[in-house]
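> model this:
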Amino acid sequence: MSRRLAGLAGVPAVAVLVWLLLAGGVAMQSYLGAWLALAALPLGALSVLMGLEAAGAADRPIASALRRILPLMIPAVLAAPVLERSAWPDLPGAWFARDAFLVRQALVLLAWGLLVLLFARAPRTRGRRIAGGLGLLVHVALVTLAATDWIASLHPGLLPADLGLVLLSAQSGAAASLAILLLPAAVRNRDAGRLAVLLTVLLAVWAFLHFTQFLIVWSADLPREADWYLARSGGLGAGAPWLLPASLGVAVPLLAWRPSVTLAPCAVGLLALHVVEMFWLVTPSLRGRFSITWLDLAALLAMAGVAAALLAVRPGRLAVRHAAP
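Numbering: from 1, shown residues only. Model (predicted):
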């Protein structure tokens, strides 16, 4: 019954998304943030899965849960706001011309689709470790390119050095958190220690990238980049960017205390944090400050409804028989 209700939730969710997309203007700002949150799940699952493939750990239950998230790439591609550029400013130069933007996004989405098809099934050949490493390198380049178009172009003249890596780390953390929640409780409790280490590593990398970027802007006194952070301060001043990495100091002790108890709540909190971060990355460039509006919530709930419907239709079967090494 719960799966049927989740599947039915996709109908009004799609209707809301179509309305937001057609409305344009202010609604398009909310749509863009919600779409980034939806796309973060399959893209993050892809990056973590390819990393596991390269490490030879693609037979773990967490890899099966990540593969279950990959079909979300279908609505992410179909809902991509590449044809509606009302949210983006008109930028000079051939690189940001409308036709160049459309072609570039089509090629990026096509490349991601091919990677999803390649890694959607469990590995059966020895060459998958090499494929995982090479695929991860290609994926990093694609996310870096997309971060320039999706985020940096909203703030003309801004091109943070590690913006693509920040986006990639946030996507990976969100996908890993969702995959942990999708695992059966018995598997999650049995592998709680390893899963807590995975989540901690992803969180540490994400916090480090945020910290280094903020440190570069502060130490070099870069006014344009400083404005980018101040627009995201939410009225808390220049220290607000530290609130994101500060989550590391809260989550790590909880994960290290009793992973079997704290893993699921931490995964829920980190998933919510990374989803909000998608809005934090884009909406202040369009509104001048960071805030969550009712349109943001409507768009986010609609995207969540689409994701829940697809996950319910494709529930997958996660093996419980994996023996711990």
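
> need the contact list for residue 192.
By CB atoms under 8 Å, 6 or more residues apart in numbering, residue 192 lies in contact with 259-260, 263. All C-beta atoms are positioned from the backbone trio N, CA, C, and that covers glycine.

> make it 10 Å
For residue 192, the contact set (CB atoms under 10 Å, 6 or more residues apart in numbering) comprises 180, 255, 258-264.

> hang on, isn't residue 222 packed against residue 215?
No - using CB atoms under 10 Å, residue 222 makes no contact with residue 215, being 11.3 Å away.

> Those two - which one has more neighbours?
Remark: of residue 222 and residue 215, residue 222 carries more neighbours, 15 against 10, as counted by other CB atoms under 10 Å.

> In helices, which of the contacts of residue 192 fall?
180, 255, 259-264 (DSSP state H).

> quick one: average confidence on the helix or strand harbouring residue 101?
According to DSSP states H and E, residue 101 maps onto helix 98-119. Across helix 98-119, the average pLDDT comes to 87.

> mind checking how far that helix is from the chain centre?
17 Å (CA atoms, centre = their mean, to the nearest Å).

> With stretch 30-40 instead?
Its chain's average C-alpha position is 9 Å from that of stretch 30-40, according to CA atoms, centre = their mean.

> Would you mind giving the contacts of residue 192 as TSV with neighbour count added?
Output for those, formatted as TSV (neighbours: other CB atoms under 10 Å):
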residue	neighbour count
180	26
255	24
258	11
259	22
260	15
261	12
262	18
263	24
264	19
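
> of those residues, the lowest pLDDT goes to which?
In this model, the minimum pLDDT among the contacts of residue 192 belongs to residue 255 (69).

> For residue 290, which three-state class applies?
Going by DSSP: H, G, I helix; E, B strand; the rest coil, the secondary structure assigned to residue 290 is coil.

> hang on, the earlier thing: and the ones in helices among the contacts of residue 192, which two are furthest apart?
Greatest spacing in the ones in helices among the contacts of residue 192, by CB to CB: 180 and 261 (13.5 Å).

> what about residue 193, how many neighbours?
By other CB under 10 Å, 14 other residues sit near residue 193.

> thought it was touching residue 257?
No - counting by CB under 10 Å, residue 193 stays clear of residue 257, with 11.9 Å between them.
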